[in-house]
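1. can't give you the sequence, but here's the structure:
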């Protein structure tokens, strides 16, 4: 067997969607976002408008200070207070998102509002938030989303105290709770925006996202590191896109955050190809929650990748190029090839496609399948080397 095919590359030739261009900014903001900026320099227009409306800032100042604090809304509001740009802050200006993975059930996100910037850096308060989100992660996964917050208030922490009483004692409150199921054979990944790692709380920050890739079997345990890195990448992509671009296109068609030349679907498919059969993704679930300071609602979504692949195959979208070696049509799609075709490298001859050299009358009379057989090993090796070089060695995600 050729080395390239050892990765399963030739057995899974699925369509690769070109990524959709990211939305352009309106005339009022276009001057602040010229082409060629680093992706982290862009800011979602809704966030800029919210900052201008809530704190009375000009777009230029709002964009400048957001970049300065690297998207940390708590530091941004505190900086405005220190520079006397604002005298008081409205309720909910300081907020944190805590995330917990309750193995093997679900991911849990909870948004907390705090009274001051000092509270967002107070270890006692952060410890209480950590305990609260540990309890929230044990909420029943089948609860309707609308009931999660009220159920959480009645829930208890490890010391048997009610969650609402614990929050009242630290003058904090919860505004949203979200659960994301793990799945039976799944690889999980997550990302946290501006995590408070220096205080020992890497699961608390200004936002969090998680991704669960449901795989066909548990064989992926051999490759867990690689598969989980893909889930981590998708989680960070979802989180960053929410803050910096806010695309409305389907996730699979978005430009991958780490390599905008490729779409998210392309990244998933190439990882699948390189790790076959361990990383055959059946279903993908992802969710994201940003702190209430951003003014963006949390959401979760499900993508049935297996059904998508089947639909693509049914619609004959399973090849990157319609004139592949197995096709009976000529390279220009003009006519069917005959078994005993014309001699030479002309369109319509058996040896035409993929073979630029001249052939004599003996090879010219051979069937299309004979030509394919002769070249198959070399073709598979070349394709395997190409995929490995382009998408594995040069892309650490």
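-> Thanks, I have the structure now. Model, not experiment: these values are computed from the prediction.
2. Okay, strands next: where are they in the stretch 201-350 of the chain?
-> Shown for the stretch 201-350 of the chain, the strands assigned by DSSP state E, counting those that start in this stretch span residues 204-205, 207-215, 255-256, 259-263, 281-290, 299-303.
3. what about those strands, which gets the closest to residue 37?
-> Across the strands of the stretch 201-350 of the chain, residue 37 has its closest neighbour in strand 259-263 (12.2 Å, CB to CB). C-beta here means a position set from N, CA and C on the backbone, and glycine is covered the same way.
4. Mind giving me the packing neighbours of that closest one?
-> Helices and strands touching strand 259-263, by 3 or more CB pairs under 8 Å, 6 or more residues apart in numbering; DSSP states H and E, are strand 255-256.
5. Which of the strands of the stretch 201-350 of the chain has the highest mean neighbour count?
-> Comparing these by mean neighbour count (mean count of other CB atoms under 10 Å), strand 207-215 ranks first with a mean of 27.
6. Could you pull out the strands in the stretch 1-150 of the chain for me?
-> With strands called from DSSP E, counting those that start in this stretch, the stretch 1-150 of the chain shows them at 94-102, 106-114.
7. Of the ones you listed, flag the one that's most buried.
-> With neighbours defined as mean count of other CB under 10 Å, the strands of the stretch 1-150 of the chain peak in mean count at strand 106-114, which reaches a mean of 25.
8. just to revisit the earlier point, could you dump the strands of the stretch 1-150 of the chain into JSON lines with distance to residue 76 and mean pLDDT added?
-> JSON lines is the format used below for the strands of the stretch 1-150 of the chain (distance: least, CB to CB, whole Å; pLDDT from 0 to 100):
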{"stretch": "strand 94-102", "distance to residue 76": "10", "mean pLDDT": "93"}
{"stretch": "strand 106-114", "distance to residue 76": "15", "mean pLDDT": "94"}
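9. Just put those in CSV and tack on distance to residue 53.
-> Output for the strands of the stretch 1-150 of the chain, formatted as CSV (distance: least, CB to CB, whole Å):
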stretch, distance to residue 53
strand 94-102, 18
strand 106-114, 19
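10. Residue 25 is nearest to which of those strands?
-> Closest of these to residue 25 is strand 94-102, at 26.3 Å (criterion: CB to CB).
11. And the closest one, what does it pack against?
-> Against strand 94-102 (3+ CB pairs under 8 Å, 6+ apart) you get helix 73-82, strand 106-114, helix 117-120, helix 123-136, strand 186-193, strand 204-205, strand 207-215, strand 281-290.
12. With distance to residue 272 as new columns, can the ones you listed be given to me in a markdown table?
-> Output for those, formatted as a markdown table (distance: least, CB to CB, whole Å):
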| stretch | distance to residue 272 |
| --- | --- |
| helix 73-82 | 37 |
| strand 106-114 | 23 |
| helix 117-120 | 40 |
| helix 123-136 | 33 |
| strand 186-193 | 12 |
| strand 204-205 | 30 |
| strand 207-215 | 10 |
| strand 281-290 | 6 |
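13. Residue 249 is nearest to which of these?
-> strand 281-290 (14.8 Å).
14. model confidence over the closest one, on average?
-> The predicted model gives strand 281-290 an average pLDDT of 91.
15. Residue ranges in the protein under the pLDDT threshold?
-> 1-17, 217-224, 277-279, 313, 315-379, 381, 388-397 (pLDDT under 70).
16. run the last query once more with 80
-> Applying pLDDT under 80 to the chain flags residues 1-18, 23, 103-104, 184-185, 216-227, 272-280, 309-397.
17. where do the helices sit along it?
-> For the chain, the helices defined by DSSP state H cover 45-55, 59-68, 73-82, 117-120, 123-136, 145-154, 163-169, 224-244, 264-274, 305-314, 361-364, 368-388.
18. highest average neighbour count across the ones you listed?
-> The highest mean neighbour count among these, using mean count of other CB under 10 Å, belongs to helix 264-274: a mean of 23.
19. any idea of the angle that helix forms with strand 299-303?
-> Here helix 264-274 runs at an angle of 50 degrees relative to strand 299-303 (axes from the mean of the first three to the mean of the last three CA atoms, to 10 degrees).
20. for helix 264-274, packing partners?
-> By 3+ CB pairs under 8 Å, 6+ apart, helix 264-274 packs against helix 224-244, strand 255-256, strand 281-290, helix 368-388.
21. any chance of the helices of the chain in CSV, plus distance to residue 28?
-> What follows is the helices of the chain, written out as CSV (distance: least, CB to CB, whole Å):
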stretch, distance to residue 28
helix 45-55, 9
helix 59-68, 7
helix 73-82, 21
helix 117-120, 30
helix 123-136, 38
helix 145-154, 35
helix 163-169, 40
helix 224-244, 18
helix 264-274, 30
helix 305-314, 38
helix 361-364, 66
helix 368-388, 44
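22. between those helices, which gets nearest to residue 199?
-> Nearest to residue 199, of all the helices of the chain, is helix 123-136, at 6.1 Å by CB to CB.
23. what comes into contact with that closest one?
-> Contacts of helix 123-136 with the rest of the structure, by CB atoms under 8 Å, 6 or more residues apart in numbering, involve 96, 98-100, 102, 108, 110, 112, 114, 119, 152, 155-158, 163, 166-167, 169-170, 172, 174, 177, 196, 199-201, 203-204.
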